[in-house]
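[1] turn this into a model:
(one chain, ligands or ions: 1)
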Amino acid sequence: MVTAAVFADFKNEVWVVDNDEQKIKKILSGKIPFYEPGLKDLIIKNFKSGRLKFTTDYTQVIPNSEIIFICVGTPNKDGKIDLSYLYAATKAIAQNLKKPTIIAIKSTVPPGINQKLEKWMKKYTQTDFDLASVPEFLREGKAIEDTLHPCRVVIGGNKESTTKKLLKLHKSIPGERLVCDAATAQMIKYGSNCFLATKISFANSMAFLCDYFGADVELVTKGMGLDKRIGNQFLRAGLGYGGSCLPKDVKALIHLAQEKNYDLKILKAVQDTNEGQIKYFVKKTVKLCSGSVKNKVLVVLGLAFKPETSDMREARSIDVIEELKKKGARIRVCDPVAVPEAKKIIAGVKFFEDPYLALKGAEALLLVTEWKEYQKLDFKKIKKLMKRPVVIDGRNIYNKEELRKLGFLYEGIGR
Ligand code: UGA
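    Now for the predicted structure:
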């Protein structure tokens with residue numbers, strides 16, 4: 001959706017094809033199936049201009065396209081990468097090709113898969129095509145900004161004419177260009193996401209040590225990040241990483257390595273550390289609730305896997321809530337946009353729109369997703385509303401001194 005909207009905004013004619021009829025109908029009626037800042041306006045603007053169109057019909061769009069982007073999901077299924085959507089899409093494309101076409105894969109796929117895909121597609125077409133790889137580096141919640149101002153544009157392909165055309169298509173987008181073969185481009189994508197996950201798990205390991213040695217992880221990571229070789233991003237300690245990308249790509253790379261008999265120990269440790277953050281957070285909650293959460297009202301602020309999105313895939317809130325439910329807690333939850341999505345996944349909790357209403361009579365406030373709405377809460381008011389003034393801050397967003405001065409029992413992660 002983001003790729004389509006942005007390229008349409010650059011005055012290209014863009015068709016979006018999806019085999020989910022309901023989804024396309026919803027979009028055509030003006031509803032965007034997920035929340036992403038700025039996306040709705042960009043889609044409506046380009047839809048109205050006639051440059052952006054939607055369909056479920058491959059026969060209508062494939063024969064006339066110059067460049068086709070494949071943006072299907074490659075989710076994880078029992079530890080393996082599920083490539084069924086990729087094979088289905090490439091088959092449907094092949095069956096409808098009528099002239100030589102560039103096919104650029106944006107989906108995150110196993111490095112080196114293009115040769116296999118080429119053979120697969122040739123079963124369904126006699127027409128020439130060239131498969132390239134243009135990996136996606138945007139973050140949810142900042143998708144448009146990242147697409148318009150990326151650090152780099154990576155183009156992986158074997159034919160010069162293809163890479164030239166793809167470079168031309170990206171000409172209005174700034175950022176360094178890296179042209180390479182497709183397998184390298186695909187590896188850059190895995191390497192990037194897995195390294196980001198590694199940074200997070202490293203910060204979380206430091207946070208654990210900070211708790212034990214009486215140091216403050218916020219200042220420790222700040223101090224580390226001032227070294228330009230380390231950098232200050234993705235060192236925020238807390239509940240760890242969730243979402244549809246980092247957990248999946250870490251798992252996938254471990255699996256791909258295993259297939260080549262390589263034990264990718266570093267990423268296994270990253271994954272274990274990430275899982276450990278949930279237990280650590282729950283343990284802190286139990287401790288601050290005087291040793292038991294049974295029958296106690298706990299309020300979880302933030303459900304989405306991160307702020308500015310409605311995406312609940314692998315959200316840390318799900319595991320936190322499940323663990324606390326097992327321990328008998330009565331849970332109330334709030335999120336500014338993810339509640340409709342969350343209702344499909346989380347049961348046995350009470351959903352609230354207003355955090356102040358949710359906190360009335362509660363024994364602990366659990367900050368899970370750092371929405372800006374929850375960063376500026378009126379804690380004087382909250383102190384009066386709660387049964388016990390307890391805050392467990394899973395994203396280290398609150399001023400611990402201020403909260404402690406107000407009489408709150410406060411714990412962050414590594415502070
Ligand atoms: C991630 C990458 O950041 C993008 O570059 C990539 O294009 C995308 O995956 C993808 O593969 O499509 P995204 O999943 O949208 O983007 O979210 P991130 O901003 O990376 O955050 C992932 C998780 O890490 C969130 O749960 C966030 O709360 C957590 N996080 C992030 C931390 O715990 N600490 C940090 O310092 C940063």
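[2] make it CA atoms for all contacts and neighbour counts henceforth
    OK.
[3] so how far is the ligand from the residue of the chain most remote from its centre?
    Relative to the centre of the chain, the most outlying C-alpha is that of Gln126, 38.0 Å out, by CA atoms, centre = their mean. Distance, Gln126 to the ligand, by CA to the nearest ligand atom, to the nearest Å: 33 Å.
[4] state the pLDDT value of that residue.
    Note on Gln126: pLDDT of 97.
[5] quick check: closest non-adjacent residue to Ile173.
    Leu148 (5.8 Å; CA to CA, 6 or more residues apart in numbering).
[6] so what's that neighbour up against?
    Val6, Ile173, Pro174 (CA atoms under 8 Å, 6 or more residues apart in numbering).
[7] which of the residues you listed ranks first by neighbour count?
    With neighbours taken as other CA atoms under 10 Å, the top of those is Val6, carrying 21 neighbours.
[8] so who does it touch?
    Neighbours of Val6 in contact, by CA under 8 Å, 6+ apart: Leu42, Ile144, Thr147, Leu148.
[9] which one of these sits closest to the ligand?
    Thr147 (9.6 Å; CA to the nearest ligand atom).
[10] so, in contact with the ligand or not, the helix or strand hosting that closest one?
    Assigned by DSSP states H and E, Thr147 belongs to helix 143-148. No: using CA under 6 Å from any ligand atom, helix 143-148 never reaches the ligand; the gap is at least 7.8 Å.
[11] counting by contacts, list what the helix or strand just after that helix packs against.
    For helix 143-148, the following helix or strand on the C-terminal side (DSSP H and E) is strand 152-156. Contact here means 3 or more CA pairs under 8 Å, 6 or more residues apart in numbering; DSSP states H and E; on that basis strand 152-156 packs against strand 129-133, helix 160-169, strand 176-180, helix 182-213.
[12] of all these, which one is nearest the ligand?
    With CA to the nearest ligand atom, the closest approach to the ligand among the helices and strands packed on strand 152-156 belongs to helix 182-213: 5.1 Å.
[13] so the residue nearest to Ala5 when sequence neighbours are not counted is in which element?
    Among residues not flanking Ala5 along the chain, Ile43 sits closest, at 5.5 Å (CA to CA, 6+ apart). Per DSSP H and E, Ile43 falls inside helix 39-48.
[14] and that helix, what's buried?
    Under the neighbour-count criterion of 16 or more other CA atoms under 10 Å, helix 39-48 has Leu39, Lys40, Leu42, Ile43, Ile44, Lys45, Asn46, Phe47 buried.
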